[in-house]
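Student: everything below, folded, please.
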Amino acid sequence: MTFNILHKDTNSKARTGIINTAHGEIKTPIFMPVGTLATVKGIHQHELKNSIDADIILANTYHLYLRPTTDVLEKAKGIHSFMNWERPILTDSGGYQVYSLSGRRKINEEGVIFQSHIDGSYHNFTPENVIEIQQKIGADIIMAFDECPPYPCDYSYAKNSMELTHRWLTRCFTKFKNSEPLYGYSQTLFPIVQGSVYKDLRKKSAEFIASQNAEGNAIGGLSVGEPADEMYAMTEEVCNILPVDKPRYLMGVGTPQNLLENIALGVDMFDCVMPTRNGRNGMLFTENGTINIKNKKWADDFSPLDETNDVFPKEEYSKAYVRHLFTVNEMLGKQILSLYNVNFYLTLMKKARMHLEKGDFYTWKEMMVRKMNKRL
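Tutor: Below you'll find the predicted structure:
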């Protein structure tokens with residue numbers, strides 16, 4: 001993997017760049033649609049590629065390990081072949097999913113013993129076998145196994161969790177460096193900064209992660225319930241330390257406003273389930289604010305769903321029609337808003353790159369954040 005910075009903003013730490021992988025290039029800043037189970041919910045692969053031009057998608061190690069299982073993925077020669085997606089893929093290591101199973105897992109030095117959310121069966125994740133699982137899945141970018149601390153948590157817990165994540169990282173790199181890729185192309189391992197919302201822990205973790213000289217770095221343990229101001233403060237602290245010439249990935253973030261603010265702090269990569277999850281529940285993201293399409297006010301509004309979103313021809317779907325689809329629980333409504341929202345996020349990234357190239361990113365960002373905060 002290589003990363004080349006193309007433009008830098010003079011009023012913030014934002015930049016544009018290109019990540020090159022075995023399955024193609026990724027223009028940054030980038031949003032990665034979440035395809036947890038080898039599918040971005042409700043969206044065909046040909047739509048991801050041709051309608052909204054997604055450079056990269058994300059899949060999840062924990063879920064793919066359980067279903068369809070790594071044996072099936074290995075027989076398919078990896079996830080790209082399995083899901084018919086020839087562009088880049090990143091896999092989350094499963095650390096966040098283990099975190100979310102707080103009543104179903106036990107963490108120790110060796111790793112994590114957890115119960116499947118599907119059938120209650122017991123499984124074991126270690127730094128070593130999580131790397132092996134991700135090699136069998138075959139994503140271009142894979143993540144180190146980490147512990148994501150809850151929010152809030154006390155200082156002692158956050159410190160111990162961070163130190164465990166660092167020890168696990170050393171084991172991840174040892175396994176990764178002593179392994180060969182399975183499908184004839186290289187993979188890249190990103191380590192993850194932890195430390196909750198404690199500035200000194202974030203600084204220490206970022207320094208340790210930076211010392212590993214990885215090809216890219218991630219920031220984890222945010223967007224787990226903390227106020228946005230704390231997220232931005234921790235991101236700024238970490239981005240001041242992580243290498244400037246390596247891509248920075250802020251995991252699990254977030255709203256359109258979150259993305260723009262964190263781009264200004266120096267982040268290059270994002271993922272979040274919000275565009276599809278909120279879309280399935282009737283929320284539409286637009287440049288002028290959010291719309292709850294299920295509200296009665298849209299029942300006889302025959303204007304286009306979103307004038308600024310060109311994923312469909314303007315005359316194809318009105319607000320009234322899509323509200324009707326939700327009212328009768330027709331799956332097409334969920335598909336339409338999921339596709340619209342993912343397109344909105346990707347278009348927002350394209351516009352951020354354009355304004356960075358023009359040199360007016362910061363002014364544009366401030367204006368967009370104000371506009372998008374509205375509920376229509």
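
Student: helix, strand or coil for the residue nearest the centre of the chain?
Tutor: In the chain, the residue lying closest to the centroid (Cα atoms, centre = their mean) is D271, at 1.7 Å. Following DSSP: H, G, I helix; E, B strand; the rest coil, D271 is assigned to strand.

Student: list the contacts of the residue nearest to V98 when sequence neighbours are not counted.
Tutor: Counting by Cβ to Cβ, 6 or more residues apart in numbering, V98 lies nearest to V112, which is 5.0 Å off, once chain neighbours are set aside. To be clear about C-beta, it is placed using only N, CA and C from the backbone, and glycine gets the same treatment. Contacts for V112 (Cβ atoms under 8 Å, 6 or more residues apart in numbering) come out as 98, 105-106, 124-126.

Student: same check, this time on I209
Tutor: Here I209 is in contact with 169, 191-193, 217, 242 (criterion: Cβ under 8 Å, 6+ apart).

Student: same deal with F3?
Tutor: With contact taken as Cβ under 8 Å, 6+ apart, F3 is in contact with 17-20, 28, 215-216, 245-247.

Student: helices of the stretch 151-300 of the chain, start to end?
Tutor: In the stretch 151-300 of the chain, the helices defined using DSSP state H, counting those that start in this stretch lie at 155-177, 199-211, 228-239, 256-264, 274-280.

Student: using TSV, lay out those together with mean pLDDT.
Tutor: As requested, the helices of the stretch 151-300 of the chain are exported to TSV (pLDDT from 0 to 100):
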stretch	mean pLDDT
helix 155-177	98
helix 199-211	98
helix 228-239	98
helix 256-264	98
helix 274-280	98
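
Student: what's the most buried one of these?
Tutor: helix 256-264 (a mean of 23; mean count of other Cβ atoms under 10 Å).

Student: surely Q257 is in contact with M367?
Tutor: No - applying Cβ atoms under 8 Å as the test, Q257 and M367 come out as separate, 11.8 Å apart.

Student: now stretch 164-171 - C-alpha only, CSV.
Tutor: Only the C-alpha atoms of stretch 164-171 are listed here, as CSV (Å, rounded to 0.1, in the frame of the first residue of the first chain):
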residue,chain,number,x,y,z
LEU,A,164,-3.4,-4.5,26.7
THR,A,165,-4.2,-3.2,23.2
HIS,A,166,-0.5,-2.3,22.9
ARG,A,167,0.7,-5.8,24.0
TRP,A,168,-1.8,-7.4,21.6
LEU,A,169,-0.6,-5.2,18.8
THR,A,170,3.0,-6.5,19.2
ARG,A,171,1.6,-10.0,18.8
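
Student: quick one, what contacts the residue of the chain positioned farthest from its centre?
Tutor: Distance from the centre of the chain peaks at D300, with 36.1 Å (Cα atoms, centre = their mean). If you count contacts by Cβ under 8 Å, 6+ apart, D300 has them with A320.

Student: just to revisit the earlier point, save the helices of the stretch 151-300 of the chain as a markdown table, and put in distance to H324 too.
Tutor: Compiled in a markdown table, the helices of the stretch 151-300 of the chain are given as follows (distance: least, Cβ to Cβ, whole Å):
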| stretch | distance to H324 |
| --- | --- |
| helix 155-177 | 48 |
| helix 199-211 | 48 |
| helix 228-239 | 35 |
| helix 256-264 | 26 |
| helix 274-280 | 16 |
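
Student: okay, domains of the chain per the record?
Tutor: 2-272, 278-376 (automatic domain parsing).

Student: which one of those domains is the most hemmed in?
Tutor: Highest mean neighbour count among those (mean count of other Cβ under 10 Å): domain 2-272, a mean of 19.
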